[in-house]
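K.L.:
Sharing a model prediction with you, sequence too.
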Amino acid sequence: MTFQTIGVIGAGQMGNGIAQVFAASGFDVRLNDLSGEALEGAVARISKNLDRLVARGKATDDEKAAIMSRIGTTTDLGDLGESDLVIEAATEREDIKSRIFSDLQPSLQPHTILASNTSSISITRLGAGTDRPERFIGLHFMNPVPVMKLVELIRGINTSEETYRAMLGLIERIGKISASAEDYPAFIVNRVLIPMINEAVYALYEGVGNVASIDAAMKLGANHPMGPLELGDFIGLDTCLAIMNVLHDGMADTKYRPCPLLTKYVEAGWLGRKVGRGFYDYRGETPVPTR
Ligand SMILES: CC(=O)CC(=O)SCCNC(=O)CCNC(=O)[C@H](O)C(C)(C)COP(=O)(O)OP(=O)(O)OC[C@H]1O[C@@H](n2cnc3c(N)ncnc32)[C@H](O)[C@@H]1OP(=O)(O)O
Ligand SMILES: NC(=O)C1=CN([C@@H]2O[C@H](COP(=O)(O)OP(=O)(O)OC[C@H]3O[C@@H](n4cnc5c(N)ncnc54)[C@H](OP(=O)(O)O)[C@@H]3O)[C@@H](O)[C@H]2O)C=CC1
């Protein structure tokens, strides 16, 4: 299987990172989002990330220009039809993802592989709703995509060995390392990580600590690069809540119940860094804890 053109759906924090990484490895990328504004924001973000690399001598101006020239944007899903692989990285909602795959299907070539960057949703179920469950797979990148080495590779029950092998090779080609996970709710990384973040929110909710003390405790006491509440803000509290709900429903176990305080923040629209406020308020010079 050869890959040249990669479609990416959803130009949020993950979609733009995935687009950057593939373009930097020489692939042509078609980035899609519902809104032109999101696409402009993604291109600006990628350009800024590459400027940082140029400033640190890790890339040249010419390399930056070549990477940028390989990224095309479109609000029309039909423009992704030429892709050899399409990676969906839209909002963590099964109805949105299923709809995207069914809208995309008529434009696709027969050989195209479909992947979802979902954090938690069943790959088997998403794949079963398409015309190519054997060429459907979970490709779970980590945030921030240009920095994090891991891509979790999740095979649905129908995913073929050929598709799996092709993705193993592709992950290596973009300089990442894969870990294979079985298709159970939230896979490996988020099965462990998101309940930890949810537990930190419980510690806040119950008054065991405040935002600053909980994050300091885990950064200095467990050597985590970010505290769990800071990390929740970084991931997006809507995404964290969606993952907890998938775990709670999928495992049918109350140990995964989302903390009511997490739900309250999401209901308030305090989704974390991407909107300027979550467990910290990012609208000033330095982040200020909200509790
Ligand atoms: C929810 C899911 O489904 C799965 C997930 O993704 S879970 C989340 C997984 N991610 C994590 O756990 C991240 C935890 N945090 C970290 O590892 C670190 O805080 C961090 C890598 C994000 C930043 O590290 P830091 O040392 O504080 O920052 P800094 O020194 O500024 O940056 C280190 C490098 O990362 C780059 N970087 C930092 N943030 C970046 C971003 N958002 N995008 C691109 N590059 C970034 C910097 O350019 C720098 O690169 P160089 O070393 O090449 O110069
Ligand atoms: N955040 C993280 O740390 C990680 C997230 N993921 C997963 O990646 C996916 C994306 O997450 P993330 O980038 O954080 O989310 P964001 O909210 O940053 O971005 C999602 C983007 O998808 C767009 N979108 C929504 N519906 C559609 C659609 N029908 N067609 C095209 N684009 C659409 C949204 O547009 P609008 O804003 O207009 O709705 C938004 O621009 C999720 O499945 C998430 O679970 C995986 C690993 C890590």
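P.N.:
Right, received. Where do you want to start? Ligands and ions are numbered 1, 2, ... in the order given.

K.L.:
Get me the contact residues on the stretch 101-250 of the chain for ligand 1.
P.N.:
119, 142-144, 146-148, 189-190, 193, 225-226, 231, 235, 239 (C-beta under 6 Å from any ligand atom). For glycine as for every other residue, the C-beta is placed from the backbone atoms N, C-alpha and C.

K.L.:
go again using 5 Å as the cut-off
P.N.:
119, 142-144, 146-147, 225-226, 235 (C-beta under 5 Å from any ligand atom).

K.L.:
just those that are near ligand 2?
P.N.:
Applying C-beta under 5 Å from any ligand atom to those, those adjacent to ligand 2 are 119, 143, 235.

K.L.:
could you dump those to TSV with secondary structure, pLDDT and distance to residue 172?
P.N.:
As requested, these are exported to TSV (DSSP: H, G, I helix; E, B strand; the rest coil; pLDDT from 0 to 100; distance: C-beta to C-beta, whole Å):
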residue	secondary structure	pLDDT	distance to residue 172
119	coil	98	23
143	coil	98	21
235	helix	98	26
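
K.L.:
Output those residues in CSV, with distance to residue 259 and neighbour count appended to each entry.
P.N.:
CSV is the format used below for those (distance: C-beta to C-beta, whole Å; neighbours: other C-beta atoms under 10 Å):
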residue, distance to residue 259, neighbour count
119, 18, 26
143, 21, 16
235, 15, 26
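
K.L.:
Phi, psi for residue 268 please.
P.N.:
As for residue 268, its main-chain torsions (degrees, to the nearest 10) stand at phi -80, psi -10.

K.L.:
er, residue 290 actually
P.N.:
phi -90, psi 0.

K.L.:
so what's it up against?
P.N.:
Contact analysis of residue 290 by C-beta atoms under 8 Å, 6 or more residues apart in numbering lists 211, 270, 277-281.

K.L.:
Of those, which belong to strands?
P.N.:
Of the positions in the contacts of residue 290, 280-281 sit in strands, assigned by DSSP state E.

K.L.:
Many thanks, I have nothing further to ask.
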